[in-house]
Structure formats: C-alpha cells, structure tokens
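[1] Have a look at this prediction, sequence included:
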Amino acid sequence: MSATTAAPTTTAAPPVATPGSRVRQGALAGLAGGVVFGLLMAGMGTLPLVGLLIGVDDALVGFVVHLVISALAGALFGALSGRLPDAVVPVYGLSLLYGAAWWVVGALVLMPLWLSVTADPAMSGMVLVVGDAQWVSLFGHVFFGLTTGGTLLALRGHAG
C-alpha cells in the first residue's frame, strides 16, 4: 500500500519595498533609461557636450557622466514614486512628467549654466533657449522618464 502525500504549498507574499530598496530600484531603472537616452545622444553627437560638464570633450566620458546623472535622477524618481501604487498609469504618468521636468531643469537651466563655467562663458546666455536641438532633447528626456518608469515597475514585480 503506497500513500501519496502532496508537498506542502506556500504562497509567498510580494516583497515589501523598503525606502532603501525603492531608491536602489530607482537608480537601476535610471541606468536603463540613461542607456536608452544615451543611444539617442550618441546618434545626435551630443555626448561630448555632456563630457564638458567635467571639462572633458569626449563622447565616452560624456556617456559615463550621463549614466551617473541618470542613476541619480532614477534614484530620486524611485524615492518620489514610493507613495504611488505600482500600477502602469500612475507610474508612467509621473515618469513622463519627471522626464519633462528634468528637461527644463537639466537641459534648459543647469547644463547651460554649468557649461558657462567649465567650457564656454557664452553658454550662460543659453538658459531657457529652445531651438531644434532642445526639442530633440525633450523627446530624449521624456523617453528617459518612460523607460525609467517601466523598468521601475518591472523591478518592483509588476507583471502587466
């Protein structure tokens, strides 16, 4: 006589994200967004300009600087999005606005001011100037935000 016993089954609760893990997940998501945006920047030839933020006119250096900024921006997004439900609409909505906000603060204000110190004093006159290159930059920043948001949802275990 053989008795078959079923193995006990347990249902694991979804992991609870602590504030530190939200920041870490945000940094990783920001790196993903940064890689995608960095590819656009490489195609546009603007990575050396990012390198000039630290005084080095080089695309590879610019890419590394861009990734560091992306990870920091992603970490902040991870922290800010902590009160949102891990659902597509709220996270993607915030991430779209977050990318656009970084375009204004980063590309239209901080970058020209910083470059006026490290590279070309005339750049200080470029604050809030919007031309063709800046519109492409807006697209890149919004795409950064959306990629960061989508990656963050995936890291938090959102299946849909």
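    Nice, I can see it.

[2] residue boundaries of the helices in the protein?
    In the chain, the helices defined using DSSP state H lie at 19-44, 47-51, 59-80, 88-102, 111-118, 132-155.

[3] list the helices and strands the second one packs on?
    Which is helix 47-51. On a contact count with 3 or more Cβ pairs under 8 Å, 6 or more residues apart in numbering; DSSP states H and E, helix 47-51 meets helix 19-44, helix 59-80. C-beta coordinates here come from the backbone N, C-alpha and C atoms, glycine included.

[4] Mean neighbour count, mean pLDDT and distance to Gly131 for those - can I get that in TSV?
    Formatted as TSV, those follow (neighbours: other Cβ atoms under 10 Å; pLDDT from 0 to 100; distance: least, Cβ to Cβ, whole Å):
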stretch	mean neighbour count	mean pLDDT	distance to Gly131
helix 19-44	19	93	13
helix 59-80	20	97	20
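
[5] Turn the helices of the chain into a markdown table, including distance to Gly125.
    What follows is these, written out as a markdown table (distance: least, Cβ to Cβ, whole Å):
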| stretch | distance to Gly125 |
| --- | --- |
| helix 19-44 | 22 |
| helix 47-51 | 16 |
| helix 59-80 | 22 |
| helix 88-102 | 22 |
| helix 111-118 | 8 |
| helix 132-155 | 14 |
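
[6] Out of those helices, the one nearest Met126 is which?
    Of all the helices of the chain, helix 111-118 sits nearest to Met126, with 4.0 Å by Cβ to Cβ.
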